[in-house]
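> Quick one, what's the 3D model for this:
(chains A and B)
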Amino acid sequence: MKKNNIICRLFVISIVFLGIGCTNLDETLYDKISAEDTQLKAEDLTNIMAPAYASFRTVYWGWNGLFDLYEESSDLIVTPFRIGIGWGDLYITMHKHTWGPDLGHAEGNWYYLYTAVNECNRALYQVENLDGLEASVQKSSVQELKALRAIYYYLLYDNFRNIPIVTDFVTPVGFLPTQSTSQETYNFIENELLTALPSLSEDNNSKTYGRVTKWAAKMTLAKLYLNSGVYLNTPKWDKALEQVNDIISSNKFELTANYSDSFKIKNEGSSEEILSIPYDEKYAGGSYYPFKTLHPASQATFNMAGSPWGGSAAIPQFIDTYDVDDVRLKDTWLGGLQYDSSGNPLMFNNIQLNYTNYMSEVDGTVYNEGYRCIKYEIGSGTASSLSNDVPFYRLTDALMIKAECLLRMGDVAGAATIVSQVRARSFKTNPIKATVTGAKLLGGSVYKYGEYSYGNITKFEGGADILYGGFLDELAWEFVGEHHRKQDLIRFGVYTTKSWFSHKPNGDYRKIFPIPQSIMETNSKLKQNTGYGS
Amino acid sequence: MKQFIYYFELIKKSSFFGKKLWTLIFIFVFFSSFSQQRIKGTIKDGADFPIPGVTVMEKGTKNSVVSDLDGNYEIISMTSHPTLIFSYVGQETKEIAVDGRSIVNVVMKDAVSDLSEVVVIGYGTQKKGDVTSSIATVKSKNFAAGSVRNASELIRGKVAGLSITNGSGDPSASSSVSLRGVASLQGNTAPLVLINGVPGGFDSIAPEDIESIDVLKDASAAAIYGTRGANGVILITTKTVGRDVPTTITYSHYTAFSSFGKKANFLDAGQLRELRENNTFPLIVKNSLNADLGFDTDWLGEITRKAFTQNHTIGMKGGNVKSNYVASVSYMEQEGVFKGSDNNEFKISLDVNHFMFNDKLKVNLNLVNGIQNINAAFNPRVYRQALIRNPTDRVKKEDGTWQERSIFQYENPLALIEETESLNQNKWMRLTGNTTLTLLPGWDTSLNLSTLRSMGLNGYAESKQHISNTRDNRNGYASRSTYNDKTDLLEFTTKYSEKLDKHRVSALAGYSYQYIVREGFNANNSDFPTDAFSYNNLGAGRKVIEGQRGLVGSYKNDEKLIGFFGRVSYGYDNKYNILMSLRQEGSSKFGKNNKWGTFPSVSAGWTISNESFMKDLSFIDNLKLRSGFGVTGITPGASYLSQTLYNYAGDIYSDGKWVQGLVPASNPNPDLKWEKSSEFNIGLDFSFLKNRISGSVDVYNKQTKDLLWDYSVPTPPNLYGSTLANVGKLENKGIEVLLNVNPIKLSNFSWDSNLTFAYNKNKLLSLSNDLYEIDGDYINTGGVGDPISMSTHRLEVGQPVGNIWGLKTVDITDGGTWIIETKDGTRKTLEPNLYTDENKQYLGNGRPAYNVGWANTFKYKQFDLNVALIGSFDFQIINQQRMFYEVPKAVYNKLDSAYDLVYGKSLLTYDQTFVSYYVEKGDYVKLDNVTLAYNLDVKKLKFINSAKIYASGSNIATITGYKGQDPEVTSEAITPGNDDRDKFPTIRTFTLGINLTF
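Next comes the predicted model:
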């Protein structure tokens, strides 16, 4: 028995030993790094700021992203339901202005933009607590991030208007933000930008490319002032003019020789770009528009390495407004009979593919209806995303803001001079047509508004009654596909008053989008925008 | 003897060898003088069937043998007046004095009850009579026969409450297994499977090697497995041998042919032409997708074949009192019904026992090794392409190249298979070493060390004739990937059991340490100079030089699970039994605030039939009431979920260079912990009329709280829109019945019937906690792909999980548009802006409420006939194949039923959408398996001990109103009943097999 007692003890001891030796439950990380264990250093500054900027790509070309908000709900571009392709139903409510709070585009943009805001907040928190960073670098980095955040807030404000402002990364558990008023948000964006201006770089070179400079901040201020009448019912044309004048007179930017130069694959370093969102097929994908617009057969025209699934096309009424000598028609749109990259007719089931400037109705169009937007150059071998950077702000934009302010403040001739200057590169074959008169800008739009089906305008409305309609047309030709149209239509009073294709006006409240249903469900303190239910 | 004397004389003459030989002869005579006696005989049961595996032991010695498959035995006695003891599970033990006979035939009687049968309960065994929890046992003699894909099919329909569904005909797919409903929304819902105590999968072991499968159904039994026990525990015990076994070799073989159980009827070329010519069908939009291209192709026929499977298994066992072994080698070659889907498996197992120091030390070594080669050139996309492709198109053009069309997501299915080369090689090895020390009788201490290594190497290549080149210009694509997983387990247990008078006590204490590490690597490349390299020379591709993101990747992660456990069991007079267990367990996956959890259980049993007042009721053999309560858990699925992790992602273009951003990958949750299930179970075991009727009834109530859910959180302020948190409560209630009946028992004919019935009802009790709350107490989930893009299910507090949510169609307009009915009875003509929750309602539930299994064994002379049926009732299936393809407006090829009148009124002119018209009643009864076996008379053949041939059919017939291919649909936890349009159709298999024992 004695022997057994010893063995008994040995077992008890061994159990205790095992117990002490093997109760460690710490996790070991191999292919990830933990936030707690990561000591950030001054040289990590770019890595820290990167996500705040990288978010811009998702904001712009993310699925249901910014492009769709400004273009798909406008009179220029539509993604109709395609018979034989089997998709496109997603965009019908955008076109018809019949969306509800469950609109995927509202949800996408809200989520992308607030993720971007949060990334700015996080980067700010990290930069403010970063050891060993030079004070001046810290200050300029903080101001740059705040200016970038102000741009994201400007986009949220423009689309949703009644939004919560969150500036802290660390928030108490269970914190639910509340919405600020339109005036508060307006002031916040304006102040953030004005405060940042002195700390921002005034250069335009490879170091500032893709970054928020003083000029990018000023462009945002100009946009805010330009749309002040919409936001606050108080137009601020003079203030907008002041900002763009600074940009233009800085002489840091100049117009490119050709309209298409700003949309080339290698458009980085273009003299016209004030703020760019850099994309790269290898490093920074996500730009997919040619896939959404081209028919699968067009793959052979551009030697693409991926099959397009498109869809999206120009509204015929808009194509009809172009002057035949305007190179922007050909630079922006792909229409007519199609050929493969070797110049042979592009056959699709024994018929040559022909993109027609014709549409039946948004609920059902055939595969080849509508011109396709090829504004961004499509490179051979494009597999899934493009390397073309998005020129978010470009000098032409500043010039046109100046022209619009002059026009609205009464300097019609001054406005016409600028517009003619912008048009010049697009009418090289027929330079006389480049010149526009002030009267034309002041007059109505040539866009034949009205309900349209199967090639015919069934209820003609026209554009003659649109104040500064001539100028609105100029904006369309120059900026189609550049996140302009919704804002411009609203400012010119057309967005919720005119009909085009299968769209009819459906309520003035649609100038702003609903707070997404999924967001309403997670934050009980939010109030839905007027018109979209409780 | 004459001969012997002759030799004797011879030796005597030899002078040299004389003395030594004399010694030898002396020894020989000395041994011969003991009455060593050879005794033979045959052991049969009451119905005159031979019983293999009976232990024949010489009384008072350790001398024992086991009867062979024909019930024959042969033993050489060691004592002068031997008495033999015959024992076998389920039979009464018999003692027979040999009395000088050389042939002793035995007829064994069925034991009145099987209460002495041993049940595996986890870290030990218990006599069935002492069990106090809900545990189901299936022994190998009751396993399903024929071609089984993996071990789970052996017990299909045989355990009440255990649902095993084969939702797919893919030869390399696993069955989906769940017990007692669904205990988790997001975590694992499959039971823990342990093979001889070591975690493994049903796939990892050859079905031929399994001796028994025990299922710990309620938490009072499973709580000893702590955080892994909430979905139940399945304990697989492999075949072992008795102490003294003559070397026996078995060989079994089967050949099987498989084909689709039911085919989807899509329009063929003739039907399509007829429709196009018939102008009364204006709905057929004449476009490129249904143009008459002038050919006639059966696309499904092109990519399918009659599939052939063969299996060979050789088993060997033998040994003596000190050392013995069981070994088996199994090879299977299996073709899928689709071309380009094959599965070959090679499995080896070896189990060696050695007893030392007067049996005080037992050493066991167990090795399982498996090799699997899968051809995965086929994938579900190919099946879809075959269904939707224009039947008037052709496979190849005149010049021999594949016929392709420039249509979005439209690819030649045969080309996809033929121009793809794919081989996935998996290997696994499980090594277990177990040392048991028995210092005192009843006190066993064991140390169990095991390691499971799984490795895989996959290769995949697309040729230059593949559409990835002919359309997408990739110029050949190839990839390789590999993984290497390791699970190490150390378990130390010490247990003691004692019987004192009417008292029975046993106690167990143990420690368990499990470490899992997974790592892997993958690479791909394209733009190859030739197709000749396939995936064997990745470096030859140029894409890696030209540069592209994502050409290589690697990963590694690990997890730890540590537990301390103990169990005490006490019984008094075979009437009252109680069992208590406790496990304290921690996982590295839990948040730092909740590293350890406690999982207790208690259960008690009262064997009423052993009470004196029951003595007079002689028709009752056994009646036991038992009740138990236990707490179990479910761990989160992945490691590192509780931490904020950083990723390098989101590049920034900085001064002409792309710089990687540093981004957090998730919201942190330091409180992350296990899902906690508390289950209460009451059961009754019974056996009447000399065991002719036996079975059990169990009723349970399982409450799961702290359910893990990816909770939507507001952005702002959160960085991510969701956080994984422990929220929500779920309840599962149910009743399970097992009934074994032996209605006919004649000398040469018997019928055994085994019936299982299970009813489960679950309810979501809550989906929020103090921090997380959802608006409206519901979440829409599940979904159908584009162009429908609608959710299919709703999780709502107070409702069962698995509810289908959508628009209820009741009629159709003359123009062919759906008429829906809202909850309040209002009828509306459907249009897309009515696709809102206000117009939707519950359309059923995808999880069967009732599951039934009925297995019958008929024995007539040398014939055995097994007939197994399974059935599921009271559930709905979303028939996605009809939803997508029974729509005239569908642009690709469609089901021929698309042109049937909807509600007998009009043709459908509406787009593809999700409405109740496609939600069907799923109830079915399936003739799951029929096996006829014949035991050949091999008595005249000396070299062979037994031979059995059989023919078997599986998935033979289904009685159902369901219009899809098979109502047996794999159940996802929260979105059950989705019959995917790309589902690999289930197959019908006919098998011929033979089992031989030498």
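> going forward, measure contacts and count neighbours with C-alpha atoms only.
Noted.
> Spell out which parts of the stretch 251-400 of chain A neighbour chain B.
Within the stretch 251-400 of chain A, the positions near chain B by CA under 8 Å from any CA of the partner chain are A:278, A:281-284, A:296-297, A:299, A:303-309, A:348-349, A:381, A:383.
> Throw together a PyMOL command that grabs the buried residues out of those residues.
Selection of the buried residues among those in PyMOL, burial being defined by 16 or more other CA atoms under 10 Å in any protein chain shown:
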select buried, chain A and resi 278+281+283+284+296+297+299+303+304+305+306+307+308+309+348+349+383
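> And the next helix or strand past the lowest-mean-pLDDT helix or strand in chain A?
Taking mean pLDDT, DSSP states H and E as the measure, the helices and strands of chain A show their lowest mean at helix A:2-21, namely a mean of 55. Later in the chain than helix A:2-21, the nearest helix or strand by DSSP states H and E is strand A:33-34.
> For that next one, name the packing helices and strands.
Applying 3 or more CA pairs under 8 Å, 6 or more residues apart in numbering or on different chains; DSSP states H and E, we find strand A:33-34 packed against strand B:645-648.
> Tell me the residues of the stretch 401-534 of chain A that contact chain B?
A:519, A:521-524.
> Just the strands from the stretch 251-400 of chain B, written as ranges.
All strands of the stretch 251-400 of chain B, identified by DSSP state E, counting those that start in this stretch, fall at B:307-319, B:323-335, B:341-356, B:361-376.
> looking at those, which is closest to chain A?
strand B:361-376 (14.4 Å; CA to the nearest CA).
> coming back round to it: compare the strands of the stretch 251-400 of chain B and give me the one nearest A:G450.
With CA to CA as the measure, strand B:361-376 is the member of these nearest A:G450 (55.3 Å).
> avg pLDDT for stretch B:40-59?
For stretch B:40-59, the mean per-residue pLDDT is 80.
> Helix, strand, or coil at whichever residue of the stretch 801-950 of chain B sits closest to chain A?
Using CA to the nearest CA, the single residue of the stretch 801-950 of chain B nearest to chain A is B:V891, 5.1 Å away. B:V891 falls in the coil class when you classify it by DSSP: H, G, I helix; E, B strand; the rest coil.
> How confident was the prediction at it?
On the pLDDT scale, B:V891 is placed at 77.
> centre of the chain versus stretch B:599-610, how much separation?
29 Å (CA atoms, centre = their mean, to the nearest Å).
> Other residues contacting stretch A:217-232?
A:147, A:151, A:154, A:161, A:182-183, A:186, A:190, A:193, A:197, A:234-237, A:239-241, A:243-244, A:247, A:393, A:398, A:401, A:405, A:490-491 (CA atoms under 8 Å, 6 or more residues apart in numbering or on different chains).
> Next: stretch A:153-165.
The contact list for stretch A:153-165 (CA under 8 Å, 6+ apart) reads A:110, A:113, A:117, A:177-182, A:185-186, A:189, A:220, A:224, A:231, A:487, A:511-515, A:529, B:716.
> In helices, which of those appear?
A:110, A:113, A:117, A:182, A:185-186, A:189, A:220, A:224, A:231, A:487 (DSSP state H).
> Filter those down to the buried ones, ChimeraX style.
Applied in ChimeraX, the following selects the buried portion of these according to 16+ other CA under 10 Å:
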select /A:110,113,117,182,185,186,189,220,224,231,487
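> Could you pull out the helices in the stretch 251-400 of chain A for me?
Using DSSP state H, counting those that start in this stretch, the helices of the stretch 251-400 of chain A run over residues A:289-293, A:299-302, A:316-319, A:327-332, A:395-409.
> And the stretch 601-750 of chain B, by the same measure?
Counting by DSSP H, counting those that start in this stretch, one finds no helices in the stretch 601-750 of chain B.
> again, but for chain B
All helices of chain B, identified by DSSP H, fall at B:2-13, B:18-32, B:219-222, B:269-277, B:299-303, B:380-388, B:413-418, B:467-470, B:543-546, B:880-885.
> how about low-confidence regions in chain B?
For chain B, the stretches with pLDDT under 70 are B:1-36, B:46-47, B:89-90, B:110-116, B:146-147, B:167, B:242, B:279-289, B:771, B:773-775.
> Which parts of it belong to which domain?
What automatic domain parsing lists as the domains of chain B is B:1-28, B:34-108, B:118-245.
> Any idea how far the last one is from the middle of the chain?
In terms of CA atoms, centre = their mean, the centre of domain B:118-245 is found 8 Å from the chain centre.
> returning to that earlier point: closest to A:E377 out of the domains of chain B?
Of all those, domain B:118-245 sits nearest to A:E377, with 44.6 Å by CA to CA.
> and that closest one, is it in reach of chain A?
No: counting by CA under 8 Å from any CA, chain A is not contacted by domain B:118-245; separation bottoms out at 14.5 Å.
> And that domain, end to end?
21 Å (CA to CA, to the nearest Å).
> for stretch A:96-105, same thing?
Length of stretch A:96-105, first residue to last, CA to CA: 14 Å.
> would you put the C-alpha positions of the one helix or strand A:Y70 maps to in PDB?
A:Y70 is located in helix A:66-71, with elements delineated by DSSP H and E. Provided in PDB are the C-alpha atoms of helix A:66-71 (Å, rounded to 0.1, in the frame of the first residue of the first chain):
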ATOM      1  CA  LEU A  66     -20.100  57.800 -56.100                       C
ATOM      2  CA  PHE A  67     -20.100  57.500 -59.900                       C
ATOM      3  CA  ASP A  68     -23.500  55.900 -59.900                       C
ATOM      4  CA  LEU A  69     -25.000  58.500 -57.600                       C
ATOM      5  CA  TYR A  70     -24.100  61.400 -59.800                       C
ATOM      6  CA  GLU A  71     -24.500  59.800 -63.200                       C
END
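> Save the strands of the stretch 251-400 of chain B as TSV, and put in mean neighbour count too.
Below are the strands of the stretch 251-400 of chain B laid out as TSV (neighbours: other CA atoms under 10 Å in any protein chain shown):
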stretch	mean neighbour count
strand B:307-319	20
strand B:323-335	21
strand B:341-356	20
strand B:361-376	20
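> Now B:G806. Nearest residue, chain neighbours left out?
Nearest non-adjacent residue to B:G806, counting by CA to CA, 6 or more residues apart in numbering or on different chains: B:K840, 4.8 Å away.
> Who does that neighbour form a beta bridge with?
Legend: beta-bridge partners of B:K840 under DSSP bridges are B:L807.
> That one: neighbouring residues, count only.
19 (other CA atoms under 10 Å in any protein chain shown).
> Could I get the full set of strands for the stretch 701-850 of chain B?
For the stretch 701-850 of chain B, applying DSSP E, counting those that start in this stretch gives strands covering B:708-712, B:722-726, B:729-745, B:749-766, B:778-781, B:793-796, B:803-812, B:818-821, B:827-829, B:840-845, B:850-860.
> Figure out which of these is closest to B:G547.
strand B:722-726 (34.4 Å).
> Alpha carbons only: can I get that closest one in PDB?
Provided in PDB are the C-alpha atoms of strand B:722-726 (Å, rounded to 0.1, in the frame of the first residue of the first chain):
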ATOM      1  CA  SER B 722     -20.300  44.700 -38.100                       C
ATOM      2  CA  THR B 723     -18.700  43.200 -34.900                       C
ATOM      3  CA  LEU B 724     -18.700  39.600 -33.900                       C
ATOM      4  CA  ALA B 725     -20.400  39.500 -30.500                       C
ATOM      5  CA  ASN B 726     -22.100  37.000 -28.100                       C
END
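> So what touches that strand?
Where contact means CA under 8 Å, 6+ apart, the residues beyond strand B:722-726 that reach it are B:641, B:666-669, B:671-675, B:706-713.
> Check whether A:T115 really touches B:P717, as I assumed.
No: the criterion here is CA atoms under 8 Å, and A:T115 misses it with B:P717 at 9.2 Å.
> Which of the contacts of stretch A:217-232 fall in strands?
Cross-referencing the contacts of stretch A:217-232 against strands under DSSP state E gives A:Y393.
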